[in-house]
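A.B. asks: structure, please.
(one chain, ligands or ions: 1)
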Amino acid sequence: MQMWIGGKGMFSADERWMPVINPATGEEIDRVPEGTLYEVDAAVQAAESAFDQWAERAPRERGVVLFRAAAMVREHHQELAKLLTAEQGKPLRDAIDEVRGFANILEFYASIAGAMQGELVDLGPSADAIVRREPIGVCGAIIPWNMPAILMGWKVAPAILAGNTMVFKPASTAPLTCLSLSSLMETSGLPPGVLNVVTGRGEVVGEAIVRHPGIRKISFTGDMETGGRVRELAGSHMKEIHLELGGSDPMIVWKDADIGKAITGVMKGRFYNAGQTCTAVKRLYVHHDIIKEFVRKLEDRVHHLRVGNGMDPSTDMGPLSGRAQLERVVSVVNTVESKVQGTILTGGHALSGPGFENGYFYPPTLVTDPVPECVLLSQEVFGPVLPIVPVDDLENAIAQANATRYGLGASIWTRDLAIVRKVFSSVSAGIVWVNRHVTVPPDIPFGGVKASGMGRENGIQAYYAYTRTKSLFIGW
Ligand code: NAD
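C.D. replies: Predicted coordinates for the structure are as follows:
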């Protein structure tokens with residue numbers, strides 16, 4: 001597939017390509033151009049040329065384009081989902097949900113198009129002021145590979161609805177769904193140049209987007225260290241910046257919790273997308289009184305979870321996204337084993353043998369009784385590995401939940417409202433779930449505190465965040 005710039009496909013100036021590998025089979029399924037500074041510049045020029053006419057349209061008119069695009073994505077959801085599974089690995093039914101999720105995001109924003117409002121400020125008898133919200137200009141967006149359609153929707157929908165144009169960079173390993181979505185959006189009436197997709201390496205294309213003087217705002221999702229670099233670069237070029245970084249979400253299961261529901265919550269919270277989700281349950285704290293029963297039932301569910309190629313309808317969990325990801329998970333679990341940092345109850349080694357020969361498969365891995373310095377409690381592990389810690393005092397459970405540099409999400413599983421209130425007010429996180437985990441609807445703001453980032457995706461807040469105010473002072 002080619003890059004998508006100014007309404008047409010484009011090759012790389014130096015004619016280099018990057019393979020896109022199916023993580024379940026190791027096969028090359030397609031290739032995309034390895035972009036250079038030249039294509040980033042071409043994309044910025046296309047976005048600048050499209051800006052005035054797009055920004056002049058009424059918000060509701062822009063919303064109509066998003067509604068049309070959502071309908072088209074729904075119509076083509078099967079083929080888009082197959083592409084997503086092939087390049088990223090998640091089971092087809094999860095890929096279908098993700099593609100529909102992209103349509104949901106477009107529809108949510110289209111439905112609040114008219115909600116963008118300014119202000120009339122009374123300055124006394126001799127003056128008034130009007131405060132208007134305007135688009136920022138050309139915005140840059142950079143995303144990772146774990147949920148390409150959803151992450152693309154979170155950035156593209158509010159930005160273009162607010163009248164901005166965009167230069168977008170998908171991850172090198174999963175660019176195909178994003179390219180297909182952008183061309184479908186144009187078929188639905190999005191003018192060429194409003195959304196431009198440049199493929200390539202982060203250090204080249206990503207950095208060029210962050211540095212480019214024509215781009216006024218950067219929205220980045222990815223690793224904490226890359227985010228730090230992006231922040232430095234964007235700051236030195238005086239750009240607005242929004243960062244969605246990693247997480248090490250705690251899930252606290254209290255003694256009065258519905259154990260069956262909480263176990264289902266862990267299965268989805270940790271093993272959805274093979275554990276490669278920013279808001280996955282990465283640390284599990286279970287009340288001492290129920291932990292034995294809880295672990296026994298969880299282990300049983302884990303034994304029934306089917307790992308395999310996402311195209312197989314019986315698969316519950318697909319492969320990791322690639323070799324590098326698999327190697328990271330193997331190394332972290334080897335550390336737990338070699339340093340005796342906990343008991344590996346299930347899994348613990350990469351899968352091999354029939355069905356797993358060329359893919360990057362790792363089984364669901366439960367680790368009980370992790371020692372306080374266990375690497376699983378301090379690092380973000382992007383894979384299906386879960387440390388389970390017993391707790392019996394709420395203050396202590398909250399202190400452990402907060403003992404991380406991250407602060408993305410957290411959940412409490414209980415029926416006791418006083419506990420909910422305490423956890424909600426004491427846990428450092430951008431979102432706290434009660435008897436749920438992972439779910440992030442487009443209607444509510446989402447983002448992290450501490451090293452998990454700054455700024456918010458979703459909700460009307462993200463729509464406003466893609467605008468800036470301009471004041472008109474009127475003297476009478
Ligand atoms: P990554 O930082 O390596 O890559 C993310 C994107 O940044 C890719 O497109 C990459 O090409 C690009 N990039 C790499 N180097 C760059 C540079 N120097 N300048 C500009 N762009 C550059 O992240 P990853 O490992 O692919 O993704 C996993 C991380 O993303 C995890 O930490 C996960 O928690 C996080 N994540 C966060 C959220 C959220 O909403 N908070 C959502 C999904 C994933």
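A.B. asks: which non-adjacent residue is nearest residue 16?
C.D. replies: In space, and not counting its chain neighbours, residue 16 is closest to residue 34: 4.1 Å by CB to CB, 6 or more residues apart in numbering. Every residue, glycine included, has its C-beta placed from N, CA and C.
A.B. asks: relative to the ligand, how far out is that neighbour?
C.D. replies: Computed as CB to the nearest ligand atom, to the nearest Å, the residue 34 to the ligand distance reads 11 Å.
A.B. asks: check residue 49 too.
C.D. replies: On the measure of CB to the nearest ligand atom, residue 49 and the ligand end up 24 Å apart.
A.B. asks: now do the SS call for that residue.
C.D. replies: Three-state assignment for residue 49 (DSSP: H, G, I helix; E, B strand; the rest coil): helix.
A.B. asks: next one: residue 167
C.D. replies: Here residue 167 is recorded as strand under three-state DSSP.
A.B. asks: quick one: name the residues of the stretch 201-350 of the chain near the ligand.
C.D. replies: For the stretch 201-350 of the chain, the residues in contact with the ligand (CB under 6 Å from any ligand atom) are 202-203, 206-207, 210, 221-223, 226, 229-230, 244-247, 278.
A.B. asks: repeat that for 5 Å
C.D. replies: Contacts of the stretch 201-350 of the chain with the ligand, taken as CB under 5 Å from any ligand atom, map to 202-203, 206-207, 221-223, 226, 229, 244, 246, 278.
A.B. asks: what's around the residue nearest to residue 16, how many residues?
C.D. replies: Look at residue 34: counted by other CB atoms under 10 Å, it has 21 neighbours.
A.B. asks: wait, residue 245 touches residue 224, no?
C.D. replies: Yes: assessed by CB atoms under 8 Å, residue 245 is found in contact with residue 224 at 4.6 Å.
A.B. asks: quick check: neighbours shared by the two?
C.D. replies: 406, 451-452 (CB atoms under 8 Å, 6 or more residues apart in numbering).
A.B. asks: on that earlier part again, and the residue nearest to residue 16, how far from residue 176?
C.D. replies: For residue 34, the distance to residue 176 (CB to CB, to the nearest Å) stands at 15 Å.
A.B. asks: mind giving me the domain ranges of the chain?
C.D. replies: According to automatic domain parsing, the chain is divided into the following domains: 3-246+450-475, 249-434.
A.B. asks: so which of these gets nearest residue 442?
C.D. replies: domain 3-246+450-475 (4.2 Å; CB to CB).
A.B. asks: avg pLDDT for that closest one?
C.D. replies: Here domain 3-246+450-475 scores 97 as its mean pLDDT.
A.B. asks: before we move on, the earlier item: turn the residues of the stretch 201-350 of the chain next to the ligand into JSON lines, columns for neighbour count and secondary structure.
C.D. replies: Formatted as JSON lines, the entries for those read as follows, by neighbours: other CB atoms under 10 Å; DSSP: H, G, I helix; E, B strand; the rest coil:
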{"residue": "202", "neighbour count": "19", "secondary structure": "helix"}
{"residue": "203", "neighbour count": "10", "secondary structure": "helix"}
{"residue": "206", "neighbour count": "26", "secondary structure": "helix"}
{"residue": "207", "neighbour count": "18", "secondary structure": "helix"}
{"residue": "221", "neighbour count": "26", "secondary structure": "strand"}
{"residue": "222", "neighbour count": "24", "secondary structure": "coil"}
{"residue": "223", "neighbour count": "16", "secondary structure": "coil"}
{"residue": "226", "neighbour count": "20", "secondary structure": "helix"}
{"residue": "229", "neighbour count": "17", "secondary structure": "helix"}
{"residue": "244", "neighbour count": "27", "secondary structure": "strand"}
{"residue": "246", "neighbour count": "24", "secondary structure": "coil"}
{"residue": "278", "neighbour count": "28", "secondary structure": "coil"}
